[in-house]
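*Asks:* Here is a sequence together with a model predicted from it:
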Amino acid sequence: MIPELDVDPYATAFFDDPYPSHTAVREAAPVVRLSALGCHAIGRHAEVERVMRDWEVFVSSRGVGLRDYKTDPPLRGPSMILEMDPPLHTRRRSVLNQALAPAVVRALRPRFVAAAEALVERLLAVGEIDAIRDIAEAYPLTVFPDALGMEPEGRENLLPFGNFVFNSMGPDNALLAASLAELPPLAAWATRQSQRDRLRPGSIGMAIHAAADRGECGHDEAPLLVRALLSAGVDTTVNGLGAALYNLARFPDQWAALHDDPGLARGAFEEAVRFESPVQTFFRTVARDTELAGVALLEGSKVLMFLAAANRDPRRWVDPDRFDITRNAAGHVGFGVGIHMCVGQILARLEGEAMLAALARRVRAVEITGAPVRRYNNTLRGLASLPVRLIAA
Ligand code: OVV
């Protein structure tokens, strides 16, 4: 018998404190059913990893949100990459792998570091800031669109567009309705911004169009792959950086450790992704009758993967609820695992490391000066506001 749990991962109370529910899912059984959604769910690290690796049985092409595209049409053109299975996925993935390759990201490093250092100087002159608006949003919103080769105009669309994309993976609730109401101009903008003539030569976006010139993907596919980066690349890093800032501010001993050794910046970002799991959930769909941890799953079953629960599974982590920037957080599933693992993770880590290292060197401590405000999204976890005072070193 599969335990049936009364957990609604899209309820406001859940967003405010998901941890008791994550524990309930994880400890009830390797596979549970969620009565509120009528789907299966998994919260243990081992099963989440197993499902992500078995792309032939647990497919993405029927949607990585709650909807099964076999019966429910997608709300957006299904992602050309995230919601595809091999062999279609493989070719497109290799185009994005090249556009975001380690050497490409390495070349961006000096610019990213300089931008982070300049931002820290400006913020220190102000002193009292909003760590979300002024750092977690401001920084990715300049360096990422610049690297992608986007025009200066229209960048204010990036966050609301990403907000829609990640809301669309949940149920038809008020959050999705609000996102859908603002979608038409955002979608039109994203489509335009992904065309070759809107992208700067030498940029990541242009590299994708160049791959189409070489026949590595279709000329019709290139703008859709650029668009996928617009969908996936901003809100995720904003919430990753926000997670790092929030927890470094909440746990002053951790900020002190980072200030003492700015070389910990990379590990601090990784630990923030594990600890907070900016992307909380993804789904797979069972393509043929199978079995998982002794539980029979029928074709067509949706499986909700609680990445955030897996990232605090005591079976996998020592003292999982402790934010510890010196721990080895490698092996967390915050970037996914297997063929769909985050294609932009090297770039994301550069953003996180550059920003945290710049802060670590110049800021001795951070004091929270007002109540943090949570931002609600069907997939993403993060804050809308975190008032802080930066204490210069
Ligand atoms: C990982 C991710 C999130 C959102 C959108 C996409 C990917 C996409 O490929 O469109």
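*Replies:* Thanks, I have it.
*Asks:* Give me the three-state assignment for Leu158.
*Replies:* helix (DSSP: H, G, I helix; E, B strand; the rest coil).
*Asks:* Could you report the separation of it from Arg250?
*Replies:* Distance of Leu158 to Arg250, given as C-beta to C-beta, to the nearest Å: 27 Å. The way it works is simple: take the backbone N, C-alpha and C, and place the C-beta from them, glycine included.
*Asks:* more crowded one of those two?
*Replies:* Leu158 (26 against 14; other C-beta atoms under 10 Å).
*Asks:* what residues are up against that one?
*Replies:* 141, 145, 230, 234-235 (C-beta atoms under 8 Å, 6 or more residues apart in numbering).
*Asks:* same thing but at 10 Å, please
*Replies:* Leu158 makes contacts with 137, 140-141, 144-145, 148, 150, 186, 189-190, 193, 230-231, 233-235, 238, as judged by C-beta atoms under 10 Å, 6 or more residues apart in numbering.
*Asks:* go on, His332?
*Replies:* Listed by C-beta under 10 Å, 6+ apart, the contact set of His332 reads 45, 270-271, 273-275, 277, 307-308, 310-312, 316-317.
*Asks:* again, 6 Å this time
*Replies:* 274, 311 (C-beta atoms under 6 Å, 6 or more residues apart in numbering).
*Asks:* same question, the one 5 residues further on
*Replies:* When contacts are counted by C-beta under 6 Å, 6+ apart, Val337 is found next to 49, 52.
*Asks:* Tell me who's in contact with Val165.
*Replies:* By C-beta under 6 Å, 6+ apart, the residues touching Val165 are Ser231.
*Asks:* That one is in what secondary structure piece?
*Replies:* helix 158-167 (DSSP states H and E).
*Asks:* who in the chain is up against the ligand?
*Replies:* Residues of the chain found near the ligand (C-beta under 6 Å from any ligand atom) are 79, 81-82, 165, 228, 231-232.
*Asks:* what's the most distant pair in those?
*Replies:* Ile81 and Val165 (12.9 Å; C-beta to C-beta).
*Asks:* quick one: the nearest residue to Leu123 once chain neighbours are set aside and Pro387, what's the gap?
*Replies:* Spatial nearest neighbour of Leu123, chain neighbours left out: Ile129 (5.3 Å); criterion: C-beta to C-beta, 6 or more residues apart in numbering. Counting by C-beta to C-beta, the separation of Ile129 from Pro387 is 8 Å.
*Asks:* One more: Val25?
*Replies:* Taking C-beta to C-beta, one finds Val25 at 33 Å from Pro387.
*Asks:* just Gly370 next, same as before
*Replies:* 4 Å.
*Asks:* Specify which residue of these two has the higher count of neighbours.
*Replies:* Higher neighbour count among Gly370 and Pro387: Pro387, with 17 against 12, using other C-beta under 10 Å.
*Asks:* low-confidence ranges in the stretch 51-200 of the chain?
*Replies:* Within the stretch 51-200 of the chain, no stretch falls below the threshold (pLDDT under 70).
*Asks:* ok, now with 80
*Replies:* 78 (pLDDT under 80).
*Asks:* so the residue in it that the ligand sits nearest to, which of the three states?
*Replies:* Closest to the ligand within the stretch 51-200 of the chain is Ser79: 3.2 Å, counting by C-beta to the nearest ligand atom. At Ser79 the chain is in coil, as set by three-state DSSP.
*Asks:* Then the one 4 residues further on?
*Replies:* Using three-state DSSP, the three-state assignment for Glu83 comes out as coil.
*Asks:* Double-check it against Trp55; I have them as touching.
*Replies:* No. Assessed by C-beta atoms under 6 Å, Glu83 is found out of contact with Trp55, at 12.0 Å.
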